[in-house]
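> can't give you the sequence, but here's the structure:
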């Protein structure tokens, strides 16, 4: 207990020193929320470079924060070498992450013995898929693909909270990985026929006698056009009285629901269609002609004639939503918010939406072109302004810290930590995700801060304690890093502190690297002095242990600071 008390005292002094530095930078003003704390405008001392040429380290780190799960020295160097356009081209061609093998493992719901906890976790929980998500986020080379897939999965939501099939979860999320740089229409079609989504939003077994409207409603409201008509720049269209104009009516929802009747999950191993325990949530749904409403249907200005095939009805729904004028700005704004900034200007949204509508070659919905437009736009690449950036969501806090330190992991420790931090991937509390894109910044009447919904006083404290555990108490012998007994693919977690031990007594070198990876070289001399004082206070008779403990202290103070918890 004495050693813990000593560390706690040192941490308290160090944190107080750094917060004092923040107070000096903000002119003594009271702290009003993390997005209002900004580094000195002259801190980086650089002007952003053009997307085509070599990048400064600061510019490379900013892109890495927007387009990966966190900067690493190798990633920063690669972006600097290739430039923005070159690195994007490389990433568009890079693969590595996948859930396809896990999607092939669907089993009957009576497969596991009631007492076999490991079997249940392996087949009927998010755990193995979430482990793969985090392992790939930390180490797989296709960082941009994964970040875009993560953003898409927070727009088109299906959750383990309602449907506990590991293979189904894997197959559903594979849709986003495969199509991250593909066409948005393909995503809409694939999720509409997904066996997993069919169970989550009740499209499976929807019958012509009583069509279920759940999927139809969320498909329009959340997955495509949104509830209100939008201008190209994402601002709402209004009628003569100033009221917003709805994109669809209850009659449209009913028409879409009728068009989507007559589908159910495929069955495993040739089981009978009425065998509810043999549903295969990992495969596209199959048609059941007797349940399909073959009468004429009208929705969203489209009429499906009587006698049209089931597949034609689905295509009519997908096309009507995909081609709606509001879909481009709706999708564009969501992706900008999740990759770059919570408060994009209407002009930024409009420029990206225009690319969604036409990639320059007459193709609508080209996500590769959309992602390129988002990340090369002047609002993404120019020096950040007062309202730029976004609060880190807990998942990105974890991965950003781990990638900066250096981790080798099977993902298990992340998948156990994310629940406590309020963001268990693939287990959103509802179809509305963990937070809405328009969640207001507390204390502001105009700014949005979506991830702030997760940052209650309890949530902030949990993040602080998490950082403490993985830095001050983050030696490789930490119990939570151990291999998960009985779980396939479990190899445990190892923080790679050896690279930091190699700095020896070079505290300035440690701080410089942390400044680059966590802050894009925006720390002032006051910040650096506070970090150095915190590190110097740590002593140990063994030189490597002392270097590691000093690095852990620097990371603890830095990663619990407002400047780290906001990506600008």
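Alright, I've got the coordinates. Since we're looking at a predicted model, the values are computed, not measured.

> Am I right that residue 102 sits in a helix?
Yes - counting by DSSP: H, G, I helix; E, B strand; the rest coil, residue 102 is found in a helix.

> For the most centrally placed residue in the chain, give me its contacts.
The centre of the chain sits closest to residue 150, judged by CA atoms, centre = their mean, with a distance of 3.9 Å. Listed by CB atoms under 8 Å, 6 or more residues apart in numbering, the contact set of residue 150 reads 176, 338, 395. Heads up, the C-betas are built off the backbone N, CA and C, glycines and all.

> Flag the shaky bits of this protein, pLDDT-wise.
Judged by pLDDT under 70, the chain has its weakly predicted residues at 1-54.

> Among the contacts of residue 150, which lie within strands?
Among the contacts of residue 150, no residue falls in strands (DSSP state E).

> I'd like these as JSON lines, with neighbour count and distance to residue 129 appended.
Listed next are the contacts of residue 150 as JSON lines, based on neighbours: other CB atoms under 10 Å; distance: CB to CB, whole Å:
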{"residue": "176", "neighbour count": "24", "distance to residue 129": "12"}
{"residue": "338", "neighbour count": "25", "distance to residue 129": "20"}
{"residue": "395", "neighbour count": "25", "distance to residue 129": "14"}
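
> Sort out which one of those lies nearest residue 315 for me.
residue 176 (20.8 Å; CB to CB).

> Please work out which residues outside the helix or strand containing residue 413 touch it.
Here residue 413 is covered by helix 412-420, with elements defined by DSSP states H and E. By CB under 8 Å, 6+ apart, the surrounding residues in contact with helix 412-420 are 126-127, 130-131, 133-134, 138, 394-395, 398-399, 402, 424-425, 427, 462, 466, 480-481, 484, 487, 490, 492-493.

> Please tell me how far the helix or strand just after that helix is from the chain's geometric centre.
The first helix or strand that comes after helix 412-420 along the chain, using DSSP H and E, is helix 457-470. The gap between where helix 457-470 is centred and where its chain is centred comes out at 19 Å by CA atoms, centre = their mean, to the nearest Å.

> same question, stretch 412-430
Distance of stretch 412-430 from its chain centroid, counting by CA atoms, centre = their mean, is 12 Å.

> Can you report how many residues lie near residue 56?
By the criterion of other CB atoms under 10 Å, residue 56 has 19 neighbours.

> from memory it sits against residue 83, does it?
No - taking contacts as CB atoms under 8 Å, residue 56 lies outside contact range of residue 83: 11.0 Å.

> Now do the buried residues in stretch 234-241.
Counting neighbours by 16 or more other CB atoms under 10 Å, one finds that the buried residues in stretch 234-241 are residue 234.

> Equivalent analysis for stretch 175-186, please.
Buried-residue list, stretch 175-186, by 16+ other CB under 10 Å: 175, 176, 177, 178, 179, 180, 181, 182, 183, 184, 185, 186.

> quick one on the thing from earlier: just want the angle from the helix holding residue 413 to helix 457-470.
If you take axes from the mean of the first three to the mean of the last three CA atoms, to 10 degrees, helix 412-420 sits at 160 degrees to helix 457-470.

> rewinding a little: distance of the residue nearest to the centre of the chain from residue 60?
Here the distance between residue 150 and residue 60 works out to 21 Å (CB to CB, to the nearest Å).

> Residue 360 now?
Applying CB to CB, the value for residue 360 to residue 60 is 27 Å.

> the more surrounded of these two?
A direct count of neighbours by other CB under 10 Å for residue 360 and residue 60 places residue 60 higher, at 26 against 9.

> Does anything pack onto the host helix or strand of that one? Which helices or strands?
Under the assignment given by DSSP H and E, the secondary-structure element containing residue 60 is helix 57-67. Packed against helix 57-67, as judged by 3 or more CB pairs under 8 Å, 6 or more residues apart in numbering; DSSP states H and E, are the following elements: helix 73-92, helix 143-153, helix 367-376, helix 378-381, helix 507-519.
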